[in-house]
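# below: sequence and its predicted model.
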Amino acid sequence: MFKFKTIYGKIRTLLVTVGSVFFILFLVLVFYKAKLEKQIIESSRAQFSSEVNSLFKLNSAFMIRTVSFYSFWDEFVKAINNNDKKWISENITIISFYQYDYICVYNKNFEIVQELASDEFLPKGIIPKDAVINLNRARFSHFYFRGPDGLMEVSSASVHPNSDPDHTKTDPGGYLVVARKLDQKVLSELSSVSGSKIDILSSSDPIPDYGNKSIYARIDLPGWDGNIVSRIVFNRKMDLNFRATQNIMIIILAFVIIALLVADFIARRCINKPLRLVTDILKTDNHESIVDLKKAPAEYGHIGSLFEEYVLQKEELKHAKEKAEESDRLKSAFLANMSHEIRTPMNAIVGFSELVEFETDHAKKHQYVKIIQNSSTNLLNLIVGIVDLSKIETGAMQLNYSNFMISEIFNELKEIYTVELIKKEKSDIQLNFFLPDGDILVHSDPYRIKQAISNLLGNAIKFTTKGAITFNCQKIKDELIFSVSDTGTGIPDNDQKKIFERFIKFDYQGLNNEGTGIGLSLVEKLVTLLNGRIWLKSVLGEGSTFFFSIPFITPPTTSTPISLNNSRKKPVQRNSDNRKRILVVEDDKESYLLIKEILHPLNIEISHVRDGKDAVEFIKMNPEIQLILMDMKLPFMNGDEATIAIRKINPNISIIAQTAFAMLGDKEKALKAGCNDYITKPLESKKLQELVVMHLLN
């Protein structure tokens, strides 16, 4: 679109006006030329059709007259009645004399008396019997039919005495049928005479498109019953000498169009394009328009450079604003989600903690404690998941690669989740793993692989009420493919598209009343961190299978597989005569009381100090201490420093690091400082008891 007020608009208006007037005149000329051509073609087609029909009728007329001539003859009637084949053969010489292909004589009972054919391979009795019977009524018949050798033309008549040339006064004494093939020879003669090409079509074939430079005439060939059995189409080329006029018109049209386009191009190039670029830049800050404007001649190039500086400054301000707004939005969304997800388990913990204090019914108190434990576990899983997600997204998470056997991870997970099934009262569900290729030595991060499979197993247990849960691993080419399958609720197709989003929870059949909605999102992030991919297959009502793959890295030959499972013995009671002494280094009073209560069944003597300096002094004064539970975050001297100092005093004493720092790398840091083992807070009673007993026995 353009505006008339602009210079380019006025120039283009003039060009459009000139072009429109010429185009109208040109259309008028084309219209009258086409009308004249149509009249000539229609006239030629009508004349050609008349010629062809006359020719075809003339070609058949002699055959019809011949049959008519032989069909009223006293001797012929007598020979038919007497079944005199010899007389018929000697006197009815139509085939040999007139070069017809087939003749057949029937008696009045429609039985063949004599049959002659030019081709010995032509089948006998080829004329439809109904066509012969029809002669009893019609007396004369000329029709066509498709025989074994192709299309045939047939002329037939009933046979009467000499006194009945019109076949109306007497009953038929017999019947005469003459036929000839419409073969290539006949068609060639017709084609030569008519000066056209001939096509034989079936009754259902459409007439070919012969184009505008041809005329055609169609002749329908009826059968004995009047139905069309075939069509003959005569096609003749028609060379009308309109080409010179047409070429002149095309040259004039092309010249005018080119002249208008060149004029419009010059106006657009020199006037409209630079102004349009300026307008576009002012409206949209389009970079491509700025680049094009800078290439324009004279002052337009300088204007383009000024626009470039302006747009860059504007975009920098816009990006800074969008970044600030996005940061604020994400922060608000994160805080809102965290508030909801943390308050939910905390609500149960605080509420049921108050109820436990005053509850006297032992069964209810046990139920409340179980709810508190489950809510605490959910809260811890949420915090761990959020921290891991944050570290992945900020690039702070590091991977620790080592050699390990897949079976060790799978055995540990089976042991853990077999207990989990019992806790959730789903012990009838089978939990199995398979290694189709046998055990595999892998070089990767075992902790992150175990974390990913663990999240998938937790989900499978949550949504499965019967059947089996299976996990496996196999090596395919250069990938390790892990999968976790269940016979649970399955996932609808619409939900599968957003299953890996954060804080997305689907509750099928009321089975997802726990969880944080970040488990699968964390798995997807971990797999991506390991340079892998994740996908799923699920059928609603039948179950789901989650797959993830990681690259298979050939394990270095210099490394040996590490053991992922510590062999731990069950806690045992110790006699008071042989009590062991341990030191708990813990600055939090409640945490110390918790440790004391957890270790009470072990019948060991527990000492307590609040900071790292006191711990070092206590070991100096009490060398009989056999085990230290060392908190890693302490006042005055932290746990790492205290451990290093104690090792100088007593290098053989067992030290277990116990801390709320649970990030990847914290364990390695504690072990490097001199700790023998490591346990994270919140403390698991059974795990702490096992660790203490194991180190005291060793």
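Perfect, thanks for sending it. Residues are numbered from 1 along each chain as shown.
# shaky segments in the stretch 551-698 of the chain?
558-578, 660-665 (pLDDT under 70).
# show me the helices in it, by range?
Listed in chain order, the helices of the stretch 551-698 of the chain (DSSP state H, counting those that start in this stretch) span 589-599, 612-621, 639-649, 666-673, 685-697.
# same list, those, but as TSV with mean neighbour count and distance to S375 please.
For every residue, glycine as well, the C-beta is placed using N, CA and C. Shown next, in TSV, are the helices of the stretch 551-698 of the chain (neighbours: other Cβ atoms under 10 Å; distance: least, Cβ to Cβ, whole Å):
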stretch	mean neighbour count	distance to S375
helix 589-599	15	17
helix 612-621	18	33
helix 639-649	19	29
helix 666-673	17	25
helix 685-697	18	17
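# out of those, the one nearest V291 is which?
Comparing those by their distance to V291 (Cβ to Cβ), the top pick is helix 666-673, with 53.3 Å.
# give me the helices and strands touching that closest one, please.
Other elements packing on helix 666-673 under the criterion 3 or more Cβ pairs under 8 Å, 6 or more residues apart in numbering; DSSP states H and E are helix 639-649, strand 654-659, strand 677-680.
# that one to helix 639-649, inter-axis angle?
30 degrees (axes from the mean of the first three to the mean of the last three Cα atoms, to 10 degrees).
# alpha carbons only: can I get helix 666-673 in CSV?
Output of helix 666-673 as CSV, limited to C-alpha atoms (Å, rounded to 0.1, in the frame of the first residue of the first chain):
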residue,chain,number,x,y,z
ASP,A,666,31.3,-32.5,51.7
LYS,A,667,31.9,-36.2,52.3
GLU,A,668,35.2,-36.2,50.4
LYS,A,669,36.3,-33.1,52.4
ALA,A,670,35.5,-34.8,55.7
LEU,A,671,37.3,-38.1,54.7
LYS,A,672,40.3,-36.0,53.5
ALA,A,673,40.6,-34.3,56.9
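# can you list contacts of that helix?
Contacts of helix 666-673 from elsewhere in the structure, counted by Cβ atoms under 8 Å, 6 or more residues apart in numbering, are 400, 632, 639-641, 643-644, 657, 659, 678.
# what about 6 Å?
Residues from elsewhere that reach helix 666-673 (Cβ atoms under 6 Å, 6 or more residues apart in numbering): 640, 643-644, 657, 678.
# re the thing from before, between the helices of the stretch 551-698 of the chain, which one is closest to K108.
The nearest among those, by Cβ to Cβ, is helix 685-697 at 117.9 Å.
# now render the contacts of helix 666-673 as TSV, adding distance to Q313.
Listed next are those as TSV, based on distance: Cβ to Cβ, whole Å:
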residue	distance to Q313
D640	51
T643	56
I644	56
A657	54
Y678	54
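# which one among those residues gets closest to K33?
Nearest member of these to K33, counting by Cβ to Cβ, is Y678, at 98.3 Å.
# wait, doesn't A657 sit right on M630?
Yes. Applying Cβ atoms under 6 Å as the test, A657 and M630 come out as touching, 5.5 Å apart.
# from the chain's centroid, how far away is stretch 406-425?
Distance of stretch 406-425 from its chain centroid, counting by Cα atoms, centre = their mean, to the nearest Å, is 37 Å.
# which residues are contacting it?
427, 429, 431, 433, 439-440, 442, 450, 457, 473, 564-565.
# in it, what's buried?
406, 408-410, 413-414, 417, 420-421 (16 or more other Cβ atoms under 10 Å).
# what do you get for stretch 460-475?
460-464, 469-475.
# helices and strands around the host helix or strand of N347, which ones?
Assigned by DSSP states H and E, N347 falls within helix 299-358. Other helices and strands packing on helix 299-358, by 3 or more Cβ pairs under 6 Å, 6 or more residues apart in numbering; DSSP states H and E, are helix 287-295, helix 362-394.
# just send the buried residues of stretch 460-475 back as a markdown table, with distance to I342, secondary structure and pLDDT too.
Listed next are these as a markdown table, based on distance: Cβ to Cβ, whole Å; DSSP: H, G, I helix; E, B strand; the rest coil; pLDDT from 0 to 100:
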| residue | distance to I342 | secondary structure | pLDDT |
| --- | --- | --- | --- |
| A460 | 26 | helix | 90 |
| I461 | 24 | helix | 90 |
| K462 | 20 | helix | 86 |
| F463 | 24 | coil | 85 |
| T464 | 28 | coil | 90 |
| I469 | 30 | strand | 95 |
| T470 | 34 | strand | 95 |
| F471 | 31 | strand | 95 |
| N472 | 36 | strand | 94 |
| C473 | 35 | strand | 94 |
| Q474 | 40 | strand | 93 |
| K475 | 41 | strand | 92 |
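# which member of the residues you listed is positioned nearest F72?
Q474 (98.2 Å).
# roughly how far apart are that closest one and I440?
According to Cβ to Cβ, to the nearest Å, Q474 and I440 sit 8 Å apart.
# do the same with L306
L306 sits at a distance of 65 Å from I440 (criterion: Cβ to Cβ).
# quick one: which of these two has more around it?
For L306 versus I440, the count of surrounding residues by other Cβ atoms under 10 Å is larger for I440: 16 against 12.
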